[in-house]
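> Let's see this in three dimensions:
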Amino acid sequence: MVTLQLKQPSSFFRTIIVAGVVVITGCMPKQATVVAPVPDALGAALVLQDQTELESPIRILFVWELNDAGVGVKGRGVARVAPPYRARLDLFLDNGELVIRAALVDGELRLPEGARSDILPPPDLMWGTLGVFRPESGTELVGGDHLDNGLIRLRYRYLDERELHYSMEDGILRKLEMLSDGDVVQWVEVYRDEETRYPARVTYRNLTDFRELKITRQQLDQVEAYPASIWDPRAP
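The predicted structure follows:
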């Protein structure tokens, strides 16, 4: 066992006992080659939106592993998700201690005061961890590409010139990449199974901050409608 001191102290980020450390390197995801343009990028986007939109309230139980610049932490969590675009995320350590609670409502990430938000992907990428295609209103569709790996990539641009690339296959979201000055700085990769439309495993990596979050689904349940109160974790 190794005692590690996490670099930004809070109720969660203090000395934690973990089994070991996996050092994150700055490796980039393999870049696919463009084979041909997509003649109707907007039509492809509408198909992906239709295929991935939320249909009913669900609850997802999962385990997670966070590597924060070489410091490893793991635990369990629950995601509560409901249409049209509402998600609640609660992360715990294995001993039951709360790590973070957050809600994503449309494009707004809601956190309790003082919570460390950089553990989680930004809203666009966070929807991707659920297999949901939802570009924010501040983005513009600028084109699409057929790639040599069989995927179709849709390219969106923010007002600040950053880009967000969605890669899909047969109407299923496979990968998201956020680019700055042409370089990938954050990405999400989605691993599907044959049982449901929701991801079985997800990897999120922030290449700038050397941070990686892995999520593995353990259970998925259809549930009744959630009370409105759960969508605001800022409330006492």
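> any idea of the mean pLDDT for the longest helix belonging to the chain?
Determined from DSSP state H, the single longest helix within the chain is helix 41-52. Helix 41-52 carries an average pLDDT of 91.
> can you check stretch 162-177 too?
92.
> Any chance you could list what contacts it?
Here stretch 162-177 makes contact (Cβ atoms under 8 Å, 6 or more residues apart in numbering) with 29, 32, 44, 47-48, 50-52, 124-125, 128, 131-133, 135, 139, 142, 147, 150-158, 178-180, 184, 186-190, 192, 197. In short, each C-beta sits where N, CA and C put it, glycine included.
> about what we covered before: mind listing residues that contact the longest helix of the chain?
Under the criterion Cβ under 8 Å, 6+ apart, residues 38, 131-135, 141, 143-144, 152, 154-155, 166, 168, 171-173, 197 lie in contact with helix 41-52.
> quick one: stretch 64-72 to chain centroid distance?
16 Å (Cα atoms, centre = their mean, to the nearest Å).
> For it, which residues meet the burial criterion?
Across stretch 64-72, burial judged by 16 or more other Cβ atoms under 10 Å covers 64, 65, 66, 67, 68, 71, 72.
> Equivalent analysis for stretch 53-67, please.
Applying 16+ other Cβ under 10 Å to stretch 53-67 flags 54, 57, 58, 59, 60, 62, 64, 65, 66, 67 as buried.
> Is it possible to get a markdown table of the residues you listed that adds secondary structure and distance to residue 115?
Converted to a markdown table, the buried residues of stretch 53-67 look like this (DSSP: H, G, I helix; E, B strand; the rest coil; distance: Cβ to Cβ, whole Å):
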| residue | secondary structure | distance to residue 115 |
| --- | --- | --- |
| 54 | coil | 24 |
| 57 | coil | 24 |
| 58 | strand | 24 |
| 59 | strand | 22 |
| 60 | strand | 21 |
| 62 | strand | 19 |
| 64 | strand | 16 |
| 65 | strand | 20 |
| 66 | strand | 15 |
| 67 | strand | 20 |
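> ranges for the helices of this structure?
Under DSSP H, the chain gives helices at 41-52, 123-129.
> Can you list the buried residues in the last one?
Meaning helix 123-129. 123, 124, 125, 126, 127, 128, 129.
> Compute the mean per-residue pLDDT across that helix, please.
What helix 123-129 shows for mean pLDDT is 90.
> for that helix, packing partners?
Helix 123-129 sits against strand 98-105, strand 108-110, strand 172-180, strand 183-191, strand 201-206, with contacts defined as 3 or more Cβ pairs under 8 Å, 6 or more residues apart in numbering; DSSP states H and E.
> would you turn those strands into CSV with distance to residue 221?
Formatted as CSV, the helices and strands packed on helix 123-129 follow (distance: least, Cβ to Cβ, whole Å):
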stretch, distance to residue 221
strand 98-105, 19
strand 108-110, 23
strand 172-180, 21
strand 183-191, 20
strand 201-206, 18
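> Quick one: those strands as JSON lines, columns for distance to residue 224 and mean neighbour count too.
JSON lines is the format used below for these (distance: least, Cβ to Cβ, whole Å; neighbours: other Cβ atoms under 10 Å):
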{"stretch": "strand 98-105", "distance to residue 224": "18", "mean neighbour count": "18"}
{"stretch": "strand 108-110", "distance to residue 224": "22", "mean neighbour count": "14"}
{"stretch": "strand 172-180", "distance to residue 224": "27", "mean neighbour count": "21"}
{"stretch": "strand 183-191", "distance to residue 224": "27", "mean neighbour count": "18"}
{"stretch": "strand 201-206", "distance to residue 224": "26", "mean neighbour count": "20"}
